[in-house]
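[1] Below are the sequence and a predicted model; questions follow.
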Amino acid sequence: MGDIFIGVMSGTSLDGIDVVIVEFNDYNDDIKRINVKQSYSHPMPITIKNDILSMCQGQKTTLSEVGDLNRRLGIIYSEAINEAIKLSSIDPNLISAIGCHGQTVWHQPPTKKHGDDDDDDDDDDDGFTIQLGDCNRIATLTGITTIGDFRNRDISYGGQGAPLTPSFHKYSLSSLNENRIILNIGGISNITLLPSLSLSSSNNIQVTGFDTGAGNILLDSWIQLKKDGTPYDKDGEWANQGNVNEKLLKSLYNHSDSFLNKLPPKSTGRELFNIQWLLNVIESIKNDDDDDDDDDDIIIRDEDVQATLLEFTCKTIVDEIKKIKICKIDRVLVCGGGSKNKLLMDKLSRLLKNHENESGSGGCKLSTTDEFGICSQDMEAIAFAWFAKRTLNNQPSNLISVTGASKETILGAIYLKNNFNN
């Protein structure tokens, strides 16, 4: 038997708590290297979801509210973990550790890289990130060693603290002959460039990765606002009823150009892409229309907004893929909730095909990670189980070519299970 770990992920989209129990077999070529024993999605209570949303976009809050949310998240994570263990019938004593990402309520990557000429010692470590979910309670309520706070160590070395999953993508989805992009469309979208093993060894091309911008976050927020809390636009059915509004699309770009035009390494989150930001963008268009005295364009239908947001998500992804010149891309593998959105996947396919025709590159296939042995919905939870394994083994998990950190480092803080029974 290999090493059994649990991974826990609740992402920017706040659509639930993903738990996986996974066995890693790194020493026996005859056994599947990543074996998911149990996958479970636990609902995020609406009260907790609302409390997260009430503080994760820069609103005023109190230490009491932050501490209470941290406590409650620790309890709900523990409930999700214990339910997954119950469903699996696995003896908890066989589980080495839990890797829990926690819930991000604020992500502020460094504004400068270490070694910048204008660096000043007082500002050198201006980045930080906050994920809530009390790991003390998780270790207590599950009886299993728990590892959390994975991102801050990378930030302490000047890195973005995100995305972290490219190192796991490298471990799990590298190909001998294919140059691949792993595209994760969660609340935020990010890409990982995996040059083929033959190319990277012969040309010293490194794995790279970064956030591309909004994923499902604006699509989900808009339909929740306009459709009485409907959690997401299944298969893009509502977006398909609308038309792309070019003026809105241009304004979405203009209001996020400080991030979109930034060179990697880069990361973002709900601090930028949130419902209030979107409402401000829409309002700015109406104000522009008032100035132009053009009554035809003042009213944008709700479904047109949704169609435009889907276009914005897909175009900003493909914009970044187009910038990759270091090698020809043979395959794009999609994971995350966006991989289940049929309209979004169709739009991505068309945009990638257009890019191939324009560039003459050709031959890029669009697939999901499910087709290559990693469930698209479980990808990030599996990754954090793997990070927990790396941490216990004193192995680094960040890629400096991705985050921009000055050093590889072990990630996470360890909360040991209690072995005292007195």
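    Yep, it's here.

[2] Can you find the helix or strand of this protein with the lowest average pLDDT?
    In the chain, no helix or strand scores lower on mean pLDDT, DSSP states H and E than helix 197-203, which sits at a mean of 82.

[3] Helices along the protein, start to end?
    With helices called from DSSP state H, the chain shows them at 46-53, 63-88, 135-142, 152-156, 166-173, 197-203, 217-226, 246-254, 257-260, 275-292, 302-322, 342-359, 379-392, 400-403.

[4] Residue 196 against residue 202, yeah?
    No. Counting by Cβ atoms under 8 Å, residue 196 does not reach residue 202; the two are 9.5 Å apart. Backbone N, C-alpha and C define where each C-beta goes, glycine included.

[5] Who has more neighbours out of these two?
    residue 196 (19 against 10; other Cβ atoms under 10 Å).

[6] Contacts only, for the more buried one.
    174, 175, 176, 177, 178, 179, 180, 327, 330 (Cβ atoms under 8 Å, 6 or more residues apart in numbering).

[7] Quick check: the gap between the first one and residue 46.
    This means residue 174. 40 Å (Cβ to Cβ, to the nearest Å).

[8] neighbour count winner among these two?
    Neighbours were counted for residue 174 and for residue 46 using other Cβ under 10 Å; residue 174 has more, 16 against 10.

[9] Do you know the pLDDT at the more buried one?
    pLDDT, residue 174: 96.

[10] How about the contacts made by it?
    Per Cβ under 8 Å, 6+ apart, neighbours of residue 174: 180, 194, 196, 197.

[11] How about residue 221?
    Counting by Cβ under 8 Å, 6+ apart, residue 221 makes contact with 274, 275, 278.

[12] gap between the closest residue to residue 61 other than its chain neighbours and residue 204?
    Among residues not flanking residue 61 along the chain, residue 55 sits closest, at 4.4 Å (Cβ to Cβ, 6 or more residues apart in numbering). Distance of residue 55 to residue 204, computed by Cβ to Cβ: 44 Å.

[13] which of those two has more neighbours?
    Taking neighbours as other Cβ under 10 Å, residue 55 and residue 204 compare with residue 55 leading, 18 against 8.

[14] Just want the phi and psi numbers for the more buried one.
    Backbone torsions of residue 55, given as degrees, to the nearest 10, read phi -130, psi -10.

[15] ok, it touching residue 105?
    Yes. Residue 55 is in contact with residue 105 according to Cβ under 8 Å; the separation is 5.6 Å.

[16] list residues touching both of those two?
    Residues touching both residue 55 and residue 105 (Cβ under 8 Å, 6+ apart) are 66, 69.

[17] And for residue 359, the neighbour number?
    Neighbour count of residue 359, defined by other Cβ under 10 Å: 12.

[18] Got the confidence number for it?
    On the pLDDT scale, residue 359 is placed at 75.

[19] Check residue 32 too.
    You'll see residue 32 listed with a pLDDT of 83.

[20] Likewise for residue 287?
    Value listed for residue 287 in the pLDDT field: 82.

[21] now residue 325
    Residue 325 carries a pLDDT value of 88.

[22] Quick check, residue 391 in contact with residue 398.
    No. Counting by Cβ under 8 Å, residue 391 does not reach residue 398; the two are 11.4 Å apart.

[23] buried set for stretch 168-176?
    By neighbour count on 16 or more other Cβ atoms under 10 Å, the buried set for stretch 168-176 is 168, 169, 170, 171, 172, 173, 174, 175.

[24] Same list (those residues) but as JSON lines, adding distance to residue 4.
    JSON lines is the format used below for these (distance: Cβ to Cβ, whole Å):
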{"residue": "168", "distance to residue 4": "17"}
{"residue": "169", "distance to residue 4": "22"}
{"residue": "170", "distance to residue 4": "22"}
{"residue": "171", "distance to residue 4": "17"}
{"residue": "172", "distance to residue 4": "17"}
{"residue": "173", "distance to residue 4": "21"}
{"residue": "174", "distance to residue 4": "24"}
{"residue": "175", "distance to residue 4": "27"}
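
[25] Which of the residues you listed sits closest to residue 216?
    residue 169 (19.3 Å; Cβ to Cβ).

[26] Please give me every residue in contact with that closest one.
    So residue 169 contacts 182, 192, 194, 207, 209 (Cβ under 8 Å, 6+ apart).

[27] And residue 218, by the same measure?
    Neighbouring residues of residue 218 by Cβ under 8 Å, 6+ apart: 273, 275, 278, 309, 312, 313.

[28] Low-confidence regions, the protein specifically.
    1, 30-31, 113-125, 289-298, 422 (pLDDT under 70).

[29] One more pass at 90, please.
    Confidence mapping of the chain against pLDDT under 90 gives the ranges 1-2, 11-15, 26-32, 57-58, 111-126, 198-205, 286-299, 325-327, 355-363, 419-422.

[30] The helices of the chain: which one's closest to residue 127?
    Among the helices of the chain, helix 152-156 sits nearest to residue 127 (Cβ to Cβ), with 4.6 Å.

[31] Nearest to residue 67 among the contacts of residue 218?
    residue 275 (25.7 Å).

[32] For burial, what's the neighbour tally of that closest one?
    17.

[33] what about it, distance to residue 269?
    Residue 275 is 14 Å from residue 269, by Cβ to Cβ.

[34] what's the answer for residue 406, then?
    Taken as Cβ to Cβ, the span from residue 406 to residue 269 is 23 Å.

[35] Settle it for me: which of the two has more neighbours?
    Applying other Cβ under 10 Å to residue 406 and residue 269 shows that residue 269 carries more neighbours, namely 22 against 15.

[36] Grab the nearest non-local neighbour of that one.
    Distances taken as Cβ to Cβ, 6+ apart put residue 107 closest to residue 269, at 4.4 Å, once the chain neighbours are dropped.

[37] burial count for the one you found?
    Using other Cβ under 10 Å: residue 107 sits among 25 other residues.

[38] partner residues bridging it?
    On the basis of DSSP bridges, residue 107 is bridged to residue 129.

[39] Could you list which residues are in contact with it?
    129, 130, 151, 161, 162, 267, 268, 269, 271.

[40] Report the spatially nearest residue to residue 275, omitting neighbours in sequence.
    Excluding its sequence neighbours, the residue lying closest to residue 275 (Cβ to Cβ, 6+ apart) is residue 221, at 4.2 Å.
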